[in-house]
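> Give me a model of this one.
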Amino acid sequence: MSRDAADRWAGRWVVDDTLEWDELSWWALGLLYGIDLRVGPVEPYVHDDTQVRGWLEELRRRRAG
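Alright, predicted model coming up:
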């Protein structure tokens, strides 16, 4: 999934104030919403691939409990 697609998917859920999320889901949605932000129009992403991989590892650790 592209960063743009992930951002749009997460954004759909973040802005829906009729839903309630558990802490872990809200944390993950917060990371994905904005994942496609860049420093400038042709600049790199604000969050690089290494940081995103770290988020995934953290999500897995948190889910494992």
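
> Now do the helices in the protein.
Remark: helices assigned in the chain by DSSP state H are 3-14, 23-32, 49-64.

> List the buried residues for the last one?
Buried residues in helix 49-64, defined by neighbour count with 16 or more other C-beta atoms under 10 Å: residue 52. Every residue, glycine included, has its C-beta placed from N, CA and C.

> Taking helix 23-32 as reference, get the angle to it.
Angle of helix 49-64 versus helix 23-32, following axes from the mean of the first three to the mean of the last three C-alpha atoms, to 10 degrees, is 170 degrees.

> And the first one, by the same measure?
For helix 3-14 against helix 23-32, the angle between stretch directions is 140 degrees (the same axes, to 10 degrees).

> so what's residue 65 scoring on pLDDT?
Looking at residue 65, its pLDDT reads 84.

> What residue in the protein is the furthest from its centre?
Seen from the C-alpha centroid of the chain, the residue lying at the greatest distance (C-alpha atoms, centre = their mean) is residue 42, 20.9 Å away.

> Just the endpoints, please. Distance across stretch 6-23?
Using C-alpha to C-alpha, to the nearest Å, the end-to-end distance of stretch 6-23 comes to 19 Å.

> any idea how far it is from the chain center?
From the chain centre to the centre of stretch 6-23 is a distance of 11 Å (C-alpha atoms, centre = their mean, to the nearest Å).

> which residues are contacting that stretch?
Contacts to stretch 6-23, defined as C-beta atoms under 8 Å, 6 or more residues apart in numbering, come from residues 1, 29-30, 32-36.

> What subset of those is buried?
29, 32-33, 35-36.

> Could you single out the nearest of those residues to residue 50?
residue 35 (13.5 Å; C-beta to C-beta).
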